[in-house]
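J.: Make a model of this:
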Amino acid sequence: MDPQDQNGKPQLPVSALRQPQRQPSIKDIARIARVSHPTVSRALQNSPLVNPKTAERIRQIAREAGYRPSAVARGLVTRHTRTIGLAATSIADPFTSEVASGIEQAARDLGYSVYFADSGADPEREKKVVQAFAEQRVDGIIVTSSRVGALHLPLLVEMMVPVVLVNDQHPGVVAHSVLIDNEQGTRALTEHLIAFGHRRIAYIGDQFGYQSDTERFMGYCGALAAAGLSLAEELVVRGDGKPEAALRAMTALLALPQPPTAVCCYNDMSALGALRAIHAKGLRVPQDISVTGFDDLFLAAYTEPPLTTMRQPMRHMGQLAMQSLYELMNGEHSVPQVRIHAEMIVRDSTGIAHV
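T.: A predicted model of the protein is given here:
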């Protein structure tokens, strides 16, 4: 004989919902409890509009049936999905990977899940990724090393989704962002080389005109000027932030009638290429030429010799970005721009100039 509900009507057994093919739905629970779908939704949301005894009976049925509320369905009621979107340049990039780890950890601590998408460092794809996240009803979006950043803020404002940028390559005052102090970092590295007696210091930058390169180049120029050294145009070459292009740039520098005695590289990946070019010429680092990087990726301590570089607290930057996004999503005051000092890590790739 079937069990009856409190009104004397036949009630389906809870076991009827336990089908291996699918999870029970709100409709299933409503059918078992002999109540409407909205009543089940309200009971599972602990709404005071449902009689306490009825609500408890519905929740008991849901527990026994193994019902798990979906984030999407919950979002339709609360307008919050407890999810954020992370648009990154490339998951294969060590910098992105570390920042993403910090974001994911902070998001998990705050009760959020993270959807990840790789923009491939392509501005158009980045826009599409951000739009797709908004259409998926994420509560907020973080973009690392944004190639478009504040340039498409009108689109972001229209979507009404909080956005935080990490090391935005086109920063603007209307965007919330977490950035490293690029100018301070490269200035400190250049001053470090000058203190070792270097006077012909080259700079291998990035050819795409990103803000990070502009600021790092300014730090390099500022240190030279403060030391009374003129900027030699032939010592400034552009790569693309990757080892192959930096290898070619360093080879060209070494072919100059007066090659540099030291080189500041835009990032650690560029420094890898520079080191390879120097070794290929039979030269020694730092005895013949000193080399610096920027980022302090995990590989910087394992180059030959270990690389002097500026450390970006990548995981911490990711955590700060998530905290800033959380404040925006909850209507709290959030500092529009958080700029962090880099820390110089001195290793064996820099030394006294022998000229």
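J.: Just list what the strand or helix carrying Val40 packs against, helices and strands only.
T.: In this assignment (DSSP states H and E), Val40 forms part of helix 37-44. With contacts defined as 3 or more Cβ pairs under 8 Å, 6 or more residues apart in numbering; DSSP states H and E, helix 37-44 has these neighbours: helix 26-33, helix 52-65. C-beta coordinates here come from the backbone N, C-alpha and C atoms, glycine included.
J.: what would the ones you listed look like in JSON lines with mean neighbour count and mean pLDDT?
T.: JSON lines is the format used below for the helices and strands packed on helix 37-44 (neighbours: other Cβ atoms under 10 Å; pLDDT from 0 to 100):
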{"stretch": "helix 26-33", "mean neighbour count": "20", "mean pLDDT": "87"}
{"stretch": "helix 52-65", "mean neighbour count": "17", "mean pLDDT": "88"}
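J.: In TSV, list these along with distance to Pro243.
T.: Converted to TSV, the helices and strands packed on helix 37-44 look like this (distance: least, Cβ to Cβ, whole Å):
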stretch	distance to Pro243
helix 26-33	54
helix 52-65	56
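J.: Which residues are in contact with Gly318?
T.: 98-106, 166 (Cβ atoms under 8 Å, 6 or more residues apart in numbering).
J.: so what's it closest to, chain neighbours aside?
T.: Gly102 (2.5 Å; Cβ to Cβ, 6 or more residues apart in numbering).
J.: residues in contact with the one you found?
T.: By Cβ under 8 Å, 6+ apart, the contact list for Gly102 reads 314-322.
J.: repeat that with 7 Å
T.: Neighbouring residues of Gly102 by Cβ atoms under 7 Å, 6 or more residues apart in numbering: 314-319.
J.: wait, which of those is closest to Arg137?
T.: Gly318 (22.8 Å; Cβ to Cβ).
J.: Next one: the nearest residue to Cys265 once chain neighbours are set aside from Ile180, what distance?
T.: What sits nearest to Cys265 in space, not counting adjacent residues and going by Cβ to Cβ, 6+ apart, is Ala271, at 4.1 Å. Per Cβ to Cβ, to the nearest Å, Ala271 is found 17 Å from Ile180.
J.: Okay, strands next: where are they in this structure?
T.: 83-88, 113-118, 140-144, 163-166, 176-180, 201-206, 236-239, 262-265, 290-292, 309-311, 337-340, 343-345 (DSSP state E).
J.: by contact count, what packs against the third one?
T.: Using 3 or more Cβ pairs under 7 Å, 6 or more residues apart in numbering; DSSP states H and E as the contact criterion, the secondary-structure elements in contact with strand 140-144 are strand 83-88, helix 94-109, helix 123-135, strand 163-166, helix 314-329.
J.: The same query, at a cut-off of 6 Å, please.
T.: In terms of contacts (3 or more Cβ pairs under 6 Å, 6 or more residues apart in numbering; DSSP states H and E), strand 140-144 is packed against strand 83-88, helix 94-109, strand 163-166, helix 314-329.
J.: who's in contact with the shortest one?
T.: Read that as strand 163-166. Outside strand 163-166, the residues that touch it by Cβ atoms under 6 Å, 6 or more residues apart in numbering are 99, 141-144, 146, 149, 156, 175-178, 317, 321, 324-325.
J.: let's go with 7 Å and repeat that
T.: With contacts defined as Cβ under 7 Å, 6+ apart, strand 163-166 is touched by 99, 141-146, 149, 156, 175-178, 317-318, 321, 324-325.
J.: Can you show me the CA trace of it as CSV?
T.: Output in CSV follows, covering the C-alpha atoms of strand 163-166 (Å, rounded to 0.1, in the frame of the first residue of the first chain):
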residue,chain,number,x,y,z
VAL,A,163,35.5,43.0,-14.1
VAL,A,164,39.0,43.1,-12.7
LEU,A,165,42.2,43.2,-14.9
VAL,A,166,45.6,41.7,-13.8
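J.: so what strands line up beside that strand?
T.: In the sheet, strand 163-166 lines up against strand 140-144 (parallel), strand 176-180 (parallel) (DSSP bridges).
J.: Adding distance to Val35, mean neighbour count and mean pLDDT as columns, could you present these in JSON lines?
T.: JSON lines is the format used below for the strands paired with strand 163-166 (distance: least, Cβ to Cβ, whole Å; neighbours: other Cβ atoms under 10 Å; pLDDT from 0 to 100):
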{"stretch": "strand 140-144", "distance to Val35": "35", "mean neighbour count": "26", "mean pLDDT": "90"}
{"stretch": "strand 176-180", "distance to Val35": "44", "mean neighbour count": "23", "mean pLDDT": "90"}
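J.: Give the bridge partners for the closest residue to Ala249 other than its chain neighbours, please.
T.: Excluding its sequence neighbours, the residue lying closest to Ala249 (Cβ to Cβ, 6+ apart) is Val237, at 4.2 Å. Val237 has these beta-bridge partners by DSSP bridges: Ile204.
J.: quick one: pLDDT of Val237?
T.: Per-residue pLDDT puts Val237 at 98.
J.: ok, now Gln23?
T.: Here, the pLDDT recorded for Gln23 equals 64.
J.: burial of Met310, as a residue count?
T.: Residues near Met310, counting by other Cβ atoms under 10 Å, number 28.
J.: That one touches Arg187, doesn't it?
T.: No: with contact defined as Cβ atoms under 7 Å, Met310 does not count as touching Arg187 (10.1 Å).
J.: Low-confidence regions, the stretch 101-250 of the chain specifically.
T.: Filtered on pLDDT under 70, the stretch 101-250 of the chain yields the residue ranges 147-159, 169-175.
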